[in-house]
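A.B. asks: next one to model:
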Amino acid sequence: MRCVVASTQSAGHNNVIDPSERTRMRVGCEFEYESDSPVPMLMLVRAQPDGEHQTLYESRWTEPRVPVREYVDVFGNYCWRFVAPSGRFRIRYDALVAISREPDLVVPDAPLVAVEDLPDSTLVFTLASRYIQSDLLVARAWELFGSTPPTWARVQAVCDWVHANIAYETGSSDPTITAMDVFERRVGVCRDFALLATGFCRALNIPARYTFGYFPDIAVEPPDVPMDFHAWFEAYLGDRWYSFDARHNVPRIGRVVIGRGRDAVDTALCTQYGSSRLNAMTVWSDEVPIVPGRDDDADELEAAEAEAPWRSSVA
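C.D. replies: Numbers count the residues shown, from 1 in each chain. Now for the predicted structure:
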């Protein structure tokens, strides 16, 4: 039996985007697990309902039906708790969101903030954590970036260095890799670029938080690999957080945040309290054309989802 939980209410909690300046994306994912016994799990895949996007429609499906409870963690992430039954289990999230057509903000004169003037809530993001040993990067960070202007330019210099010195290689990483490992190995995936850049920023006393979410290929040539989640980081400059991406190192359109935290531990897609096999994972993040006179087709999407078969790709 498949359980569908749908909602269009979250749109009221998002930023309102001028229809003339927005585009729409369909984002989501599907996982298929298999286990020999019930396994308690945590999952983090929901687009943040209070993000910079506007959620028009979202749904969650499970097969077979299981109770799912949502809670908000200490970093403001919307997490699900459930027990995956023995045998095969599928869980799927699907959403239609409106996003700005504008790329990531670039504010060259945004100043760094002295530690004594930082908001209390940012201080945790200046500290070392399990996967980001910023305390071990202090000497190297100041050697590399200490002479840069105390502005946006310093964070950009970090991104430039990581982008130029770390090779991107699919399959080169695993969940145990840390920022120091990336610095020494000089290879990784988007997760690793974000870990090292975040670590350098913290070593320079710049609050930086690890961030991940859905990331479309809008206005760029799509890579010749299946769609996946993407990791980047946010740095606190002036009086707000800004997105930076050392992997791509250019302003991009359409970031939809799922989670933020100190590092990859706080933003794990799935945490399993037992043994379970991941048979398949599919991720989508696609621009949806806006048809004049039919700007909001959330009802149509809901109807289509109710009838659509499960999509999956065998890992």
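A.B. asks: which residues does the residue nearest to residue 66 when sequence neighbours are not counted bridge with?
C.D. replies: Distances taken as CB to CB, 6 or more residues apart in numbering place residue 82 nearest to residue 66, at 5.2 Å, with adjacent residues excluded. (C-beta placed from N, C-alpha, C; glycine too.) Here residue 82 sits in beta bridges with residue 41, going by DSSP bridges.
A.B. asks: now swap in residue 260 and tell me
C.D. replies: Beta bridges link residue 260 to residue 211, judged by DSSP bridges.
A.B. asks: look up the closest residue to residue 24, ignoring the ones flanking it.
C.D. replies: residue 288 (4.4 Å).
A.B. asks: give me the neighbour count for the residue nearest to residue 66.
C.D. replies: 18 (other CB atoms under 10 Å).
A.B. asks: ok, now how distant is it from residue 62?
C.D. replies: As judged by CB to CB, to the nearest Å, residue 82 and residue 62 stand 7 Å apart.
A.B. asks: between these two, what contacts are shared?
C.D. replies: Both residue 82 and residue 62 are contacted by 68, 91, under the criterion CB atoms under 8 Å, 6 or more residues apart in numbering.
A.B. asks: so for the residue nearest to residue 24, what's the pLDDT?
C.D. replies: Residue 288 carries a pLDDT value of 91.
A.B. asks: that one and residue 22 touch, don't they?
C.D. replies: No - Residue 288 is not in contact with residue 22 according to CB atoms under 8 Å; the separation is 11.2 Å.
A.B. asks: so which of those two has more stuff around it?
C.D. replies: Neighbours of residue 288 and residue 22, each counted by other CB under 10 Å, are more numerous for residue 22; the result is 19 against 16.
A.B. asks: identify the bridge partners of that one.
C.D. replies: With beta bridges defined as DSSP bridges, residue 22 has these partners: residue 100.
A.B. asks: how about it, what does it touch?
C.D. replies: Here residue 22 is in contact with 54, 98, 99, 100, 101 (criterion: CB under 8 Å, 6+ apart).
A.B. asks: which residues does stretch 114-132 contact?
C.D. replies: So stretch 114-132 is contacted by 134-136, 177-179, 195, 198-199, 202, 205-210, 236, 262-265 (CB under 8 Å, 6+ apart).
A.B. asks: list the buried residues in that stretch.
C.D. replies: For stretch 114-132, burial by neighbour count (16 or more other CB atoms under 10 Å) applies to 118, 122, 125, 126, 128, 129, 131, 132.
A.B. asks: how near is the residue nearest to residue 24 to residue 254?
C.D. replies: From residue 288 to residue 254 the distance is 11 Å (CB to CB).
A.B. asks: so residue 247 sits against residue 167, correct?
C.D. replies: No - with contact defined as CB under 8 Å, residue 247 does not reach residue 167; the gap is 11.1 Å.
A.B. asks: more crowded one of these two?
C.D. replies: Per other CB under 10 Å, whichever of residue 247 and residue 167 has more neighbours is residue 247, with 21 against 10.
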